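>>> Here you go, sequence then predicted model.
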Amino acid sequence: MNELIPIERVESKIYFIRGQKVMLDRDLSELYGVPTKALNQAVKRNMERFPADFMFQLTWAEAERLRSQFVTLNQARQKRGRHIKHLPYAFTEQGVSMLSSVLSSPLAIEINIFIMRAFVRLRKVLTANKDLSYLFKELKHKVDQHDVEIGLVIKAIEKMIAVEKKPKGKFGFLA
């Protein structure tokens, strides 16, 4: 399976929509090797398995915004028309997992396992980024604190230099 679908290809199909990591029906159908219409029909026959936190339909604005991210349409789409006819469905990680029970072919199960691994890998990357972000903020705070302390040391040294530059008075006895 790893030779058939590079994990980067699956990861590139994971989008952030409404603050959630999701995959679109068209991308999933491509991975599963079934028409999007067939995937959606299987889902509609089993709607009780797909609550709102597992799957949702994009709005026209979301679909258009997502479509505008792609530079060109493929040749088949250009022949059929330039506008989408049906709003795509977005599946969260749990929704993708539930697809394995709806699409029960051996290939679908294997693809689902692969997609779950991609979600897990993405989650690890995001967690690592949060950890790095926290460490960076801590480091920045320490550097800022050190800047203040270094500034105080520099001012103290400047005062010592200014004292040394004052003309020295004569000392000794006057006769």
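Yep, that arrived. Residues are numbered from 1 along each chain as shown.

>>> in the protein, which helix has the most residues?
helix 106-165 (DSSP state H).

>>> helices and strands around that one, which ones?
helix 7-11, strand 14-17, strand 20-24, helix 25-32, helix 93-102 (3 or more Cβ pairs under 8 Å, 6 or more residues apart in numbering; DSSP states H and E). For every residue, glycine as well, the C-beta is placed using N, CA and C.

>>> let's see it at 7 Å
Here helix 106-165 touches helix 7-11, strand 14-17, helix 25-32, helix 93-102, going by 3 or more Cβ pairs under 7 Å, 6 or more residues apart in numbering; DSSP states H and E.

>>> Run the angle between that helix and helix 25-32 for me.
Between helix 106-165 and helix 25-32, the angle formed by their directions is 120 degrees, by axes from the mean of the first three to the mean of the last three Cα atoms, to 10 degrees.

>>> Rounded mean pLDDT for helix 106-165, please.
Helix 106-165 shows a mean pLDDT of 74 in the predicted model.

>>> what is Leu24 paired to in the beta sheet?
Ala90 (DSSP bridges).

>>> okay but it is in contact with Ile84, surely?
No: assessed by Cβ atoms under 7 Å, Leu24 is found out of contact with Ile84, at 11.3 Å.

>>> re the thing from before, mean pLDDT, mean neighbour count and distance to Val125 added to the helices and strands packed on helix 106-165, as TSV?
TSV is the format used below for those (pLDDT from 0 to 100; neighbours: other Cβ atoms under 10 Å; distance: least, Cβ to Cβ, whole Å):
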stretch	mean pLDDT	mean neighbour count	distance to Val125
helix 7-11	75	14	9
strand 14-17	89	14	11
helix 25-32	88	20	19
helix 93-102	83	19	14
